[in-house]
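Student: Pasted the sequence and its predicted model underneath.
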Amino acid sequence: MAKEGKKKSGTSTRAWEAPASQLLRVGSDFSIGSFDAAATPGWSGGEKAALKRMKDVGEELSELQERLFAEGKHGGTRSVLLVLQGMDTAGKGGIVRHVVGMVDPQGVHHRSFGVPTEEERSHHYLWRIRNALPKPGKIGVFDRSQYEDVLVVRVNRLVDGDPWPERFGEINDFEREVAESGTVIVKCAMLVSPDEQLRRLEERLARLDKHWKYNPGDLNERENWDAYMAAYEDAIRNTSTDWAPWHAIPADNKWFARLAVSELLLEALQGLELGWPAADFDVAAEQSRIAAAKDAARRGVPSMRLQG
Ligand code: AMP
Ligand code: MG
């Protein structure tokens, strides 16, 4: 008889007042002006408890990711896409390392989106996004995303006219298509306060091991802070849909942001109700073969002779 594999870790949500997806979800009335980036909404446990909870979440994430991967190997079509948007220093890289890093890298498809290459620029802005979507069984991670084309592009007027309402519609339609094809989309806006950003930029300059992350252009982004925030607010209000809702992540406390995104990812995977694929071979027959091989090994018969 084959036993159930690893046991489910049975993590509790005791320290959360409600599911993170409810607590952090934002929509058409989202106001960035009244958003507190230092808050820890719904979590009363503090940092130490958060780190402990992260460990439990990580174990469950890891098992569910393996189930998703197994499903993908056996004809499944489902996947998960984590979209990370945020200003420089908001902690997107930390999410990739500390949250996504808790699962098997072979099941992760990570892609970051920078200034478009010449080839990318010759296509519609969603072209490079579509090409980077996760395959069945994978957890896709976007470090920046299609939203750059209604954020940096808008703030810096990199296209003519006022195509934003049209682009919001296009993005919504695109995401609906992606969701309907079996990809659960988890969108996280990592929102850091300008004071905390300044502190992090300063730290990057003060540390040799952080210079590689510093980009003099980051300060230009800062100089347009209000325009960026207005663009974020407008984008979030217009693209938070039932099939791809936005979550606003207060990112001044790295530990909270990491915990929050872990929970959102966990909820997404739990929602898939993933099992293990059934064996497509005769388990009992294989067990008999193994028993015979063990028996032969005990008697010193080379295993070669048992093959075929
Ligand atoms: P980083 O994430 O720090 O590697 O920086 C990538 C940079 O590329 C950021 O400044 C983004 O705003 C910029 N970027 C990403 N997508 C676009 C785009 N579609 N058009 C212009 N700049 C972009
Ligand atoms: Mg940067």
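Tutor: Yes, it's here. Numbering: from 1, shown residues only. Ligands and ions are numbered 1, 2, ... in the order given.
Student: switch to C-alpha atoms for all contacts and neighbour counts from now on
Tutor: Noted.
Student: I'd like the distance between Ser122 and Arg128.
Tutor: Using Cα to Cα, to the nearest Å, we find Ser122 at a distance of 10 Å from Arg128.
Student: So for those two, which sits in the more crowded spot?
Tutor: For Ser122 versus Arg128, neighbours defined as other Cα atoms under 10 Å are more numerous around Arg128 (18 against 10).
Student: and the more buried one, what helix or strand is that in?
Tutor: Using DSSP states H and E, Arg128 sits in helix 127-131.
Student: and His109, that one's in a strand?
Tutor: Yes: judged by DSSP: H, G, I helix; E, B strand; the rest coil, His109 forms part of a strand.
Student: Which residue, neighbours along the chain excluded, lies closest to it?
Tutor: Excluding the flanking residues, the one nearest His109 by Cα to Cα, 6 or more residues apart in numbering is Gly140, at 4.6 Å.
Student: burial of that neighbour, as a residue count?
Tutor: 25.
Student: residues contacting the closest residue to Ala18 other than its chain neighbours?
Tutor: Excluding its sequence neighbours, the residue lying closest to Ala18 (Cα to Cα, 6+ apart) is Gly42, at 6.7 Å. The contact partners of Gly42, by Cα atoms under 8 Å, 6 or more residues apart in numbering, come to 16-18, 20, 23.
Student: In helices, which of those fall?
Tutor: 20, 23 (DSSP state H).
Student: Make a PyMOL selection of the buried ones in the contacts of Gly42.
Tutor: Buried residues within the contacts of Gly42, by 16 or more other Cα atoms under 10 Å, are selected in PyMOL with:
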select buried, resi 16+20+23
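Student: What is the nearest of the contacts of Gly42 to Gly169?
Tutor: Nearest to Gly169 among the contacts of Gly42: Leu23, at 25.6 Å, using Cα to Cα.
Student: Leu259 falls within a helix, correct?
Tutor: Yes: assigned with three-state DSSP, Leu259 falls within a helix.
Student: Pull the number of nearby residues for it.
Tutor: As a burial measure, Leu259 scores 25 neighbours (other Cα under 10 Å).
Student: rewinding a little: give the next helix or strand downstream of the one helix or strand the residue nearest to His109 maps to.
Tutor: If you go by DSSP H and E, Gly140 is part of strand 139-143. Proceeding N to C from strand 139-143, the next assigned helix or strand is helix 152-155, under DSSP H and E.
Student: and that following helix, what other elements does it pack with?
Tutor: helix 225-239 (3 or more Cα pairs under 8 Å, 6 or more residues apart in numbering; DSSP states H and E).
Student: Off-centre distance for stretch 87-105?
Tutor: 8 Å (Cα atoms, centre = their mean, to the nearest Å).
Student: Show the end-to-end separation of it, please.
Tutor: Termini of stretch 87-105 sit 25 Å apart (Cα to Cα).
Student: And the contacts of that stretch?
Tutor: Here stretch 87-105 makes contact (Cα under 8 Å, 6+ apart) with 58-59, 61-62, 65-66, 84-86, 108, 141, 143, 190-192, 197, 200-201, 218, 221, 251-252, 254, 257-259, 261-262.
Student: Of these, grab the buried ones for ChimeraX.
Tutor: Remark: buried members of these, expressed as a ChimeraX selection using 16+ other Cα under 10 Å:
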select :58,59,61,62,65,66,84,85,86,108,141,143,190,191,192,197,200,201,221,251,252,254,257,258,259,261,262
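Student: can you tell me which of the contacts of stretch 87-105 are in helices?
Tutor: The helices, defined by DSSP H, take in 58-59, 61-62, 65-66, 197, 200-201, 218, 221, 254, 257-259, 261-262 from these.
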